[in-house]
Every structure is written in structure tokens, then in C-alpha cells.
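J.: Below is the sequence, then the predicted model.
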Amino acid sequence: EQVGPTAEVFRRPASPFVAAFVGMKNIFPGRLRDQQLEFAGLSCPLPDRLTGTPGHVALRPEDIVLCRQGEFASRLVTFSGVIERIVPCGLWYELTVRCQETCFAVVLGRKELIEKDFREGESVTLGFDPVDLHLIEEGR
């Protein structure tokens, strides 16, 4: 599917299959419309560095941050959501956060989860820097 330097394959997978294989759990069909990137029923400004025609949008779970309402820096794209599930995975926890009709996988370290005291059923704000989005070109 894809050959190249390890860092490139992990950060810029060439297909949804490679993205899933390297741990990008947030992979959604996507499209561009009026300088907005639309995916998973949500939209955000298109980062300047992104070009091409997306078939899919991918976001690594560790590139997502969670906070309670109103705690984010303005440079982040944010969506309101609800924590549906918290699963311990050894040194970290994987959280499933539903934003409208879409679920995002989010990874938090044990210490961060304990400090923030997140609970299943809690309303949160999910945020990410748009530069962390990865477009997978249509037809890949």
C-alpha cells in the first residue's frame, strides 16, 4: 500500500487502509466546500498547507485534546461532545467522544484522565489544531 520513511507513513498515510493500520482511528469521508473542510457532519476552516481533493480526512487520537466548556485556546477547532466510553489501555485511556452523530477516538494518559476527572456521560469540548488534519486524496 505505501512505502517510505516510517515517520512519513505514520503522519501522512496514503490511503484509509494505511491510516487505520498505523493507528489513525479517526478516518472520515471528507470534502471541500467554500474554504471549509467538511467531514463527519462537521466543518472547520481549511488549513493553508492542505491541498488536493479529499476523499477522506484523518486525525490521530493523540492530536485531540479534551476540556470542559470554554477552556480552549482560540487557535483550536472545537466541537461540543459527550464522553460515551472510557477504556483503560495500559499506560493510557481511549475515550470515545460523540460530537453530533460522529464518534472520535481520543487518547489520554492516566495522569491527565485522573487530573481532569473525566467521566462517561460528561459533556466536554473536543479540540484539535487544524494543521494536524491529514487529507487522503480521493480514490486512494
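T.: Cool, got the structure.

J.: Every contact and neighbour count from this point should use C-alpha atoms.
T.: OK.

J.: now the strands: where do they sit in the chain?
T.: Remark: strands assigned in the chain by DSSP state E are 26-33, 36-39, 42-45, 54-59, 65-67, 77-88, 92-99, 102-109, 123-128, 134-137.

J.: The most centrally placed residue in the chain: what's it in contact with?
T.: The centroid of the chain falls nearest to residue 59 when counting by CA atoms, centre = their mean (3.6 Å). The contact partners of residue 59, taken as CA atoms under 8 Å, 6 or more residues apart in numbering, are 24-27, 132-134.

J.: Specify the stretch among the strands of the chain that is closest to residue 15.
T.: Smallest distance to residue 15 across those (CA to CA): 6.0 Å, for strand 134-137.

J.: rewinding a little: okay, the strands of the chain in TSV with mean pLDDT and distance to residue 13 next?
T.: Formatted as TSV, these follow (pLDDT from 0 to 100; distance: least, CA to CA, whole Å):
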stretch	mean pLDDT	distance to residue 13
strand 26-33	89	11
strand 36-39	85	18
strand 42-45	85	21
strand 54-59	86	9
strand 65-67	91	22
strand 77-88	95	22
strand 92-99	96	22
strand 102-109	96	18
strand 123-128	93	19
strand 134-137	85	7
